[in-house]
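Visitor: Give the three-dimensional model of this entry:
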Amino acid sequence: MIKLMKKRLTRQESRAQTREKLLEAAAKIIARHGLAGTSIEDIAETAGFSRGAFHANFKSKDELFLTLVEKQMKATIFEIDELHAVTDSVEEKLQNLRTVYPRYTGSDRDTFLLITEAQMYALRNPRFGKKLRALFSTIYDDLIQSVERLQEQMGCKDPVYAKQLVLIGFGLSHGLILHNLMDPERYPDSMVSDSMRLVFDKIFSLEEMSLGIH
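Guide: Numbers count the residues shown, from 1 in each chain. Just a heads-up that it's a prediction; the model follows:
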């Protein structure tokens, strides 16, 4: 039997793989124990590396954390952009966005916890806060542009400012999911999703447009 030789990774590929494993390990630990309760050793050990491997990829725990938050948020933006790109139909775009609107429930709770942890840490750490604000500004600007394009395609006569819609979206999801995590029996996932879709429908006046979205 001929054994296939496993392709040897280049130095750059190996480093990228190590970096990705460190980020994956950090995401799990920080979501459960918070940034203060997570050490560099914890991250490196969980990823299967030494402390030296950590420092070869990140200058500090703060740098890793900011990179992690950026990765998580950009994944959301990419998903929304993909939903826009798959169809030219305004109705289908709205249906897609309505589906993804309550995306932080279920399997995405770790993402929510990471972003919340970053916001709390930013309030106590001005240097980190400055970097996080710059990151959020870039992400928000991308979302605002996406909403403005959709409003233009819909021909909205009196649209709510896109900047307000983005703020409402993040603020609403944040508050609802906090209640869900604190008391899941009283505020189950289904109630969170239904509440977010209810607001989405009102904002985009789906009932009046009769798009047949159920």
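
Visitor: okay, CA-based contacts and neighbour counts for the rest of this
Guide: Will do.

Visitor: Excluding covalently adjacent residues, which one is nearest to Glu70?
Guide: Leu135 (7.0 Å; C-alpha to C-alpha, 6 or more residues apart in numbering).

Visitor: Show me where this protein has its helices.
Guide: With helices called from DSSP state H, the chain shows them at 11-33, 40-47, 51-57, 61-85, 90-100, 109-124, 126-154, 162-182, 189-203, 206-209.

Visitor: can you tell me which of those the model trusts least?
Guide: Lowest mean pLDDT within the helices of the chain: helix 206-209, at a mean of 46.

Visitor: hmm, back to that, got JSON lines for the helices of the chain, with mean neighbour count too?
Guide: Output for the helices of the chain, formatted as JSON lines (neighbours: other C-alpha atoms under 10 Å):
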{"stretch": "helix 11-33", "mean neighbour count": "16"}
{"stretch": "helix 40-47", "mean neighbour count": "19"}
{"stretch": "helix 51-57", "mean neighbour count": "15"}
{"stretch": "helix 61-85", "mean neighbour count": "16"}
{"stretch": "helix 90-100", "mean neighbour count": "17"}
{"stretch": "helix 109-124", "mean neighbour count": "18"}
{"stretch": "helix 126-154", "mean neighbour count": "15"}
{"stretch": "helix 162-182", "mean neighbour count": "15"}
{"stretch": "helix 189-203", "mean neighbour count": "16"}
{"stretch": "helix 206-209", "mean neighbour count": "12"}
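
Visitor: who touches Ser39 in this structure?
Guide: Lys61 (C-alpha atoms under 8 Å, 6 or more residues apart in numbering).

Visitor: From Ser89, how far off is it?
Guide: Taking C-alpha to C-alpha, to the nearest Å as the measure, Ser39 falls 48 Å from Ser89.
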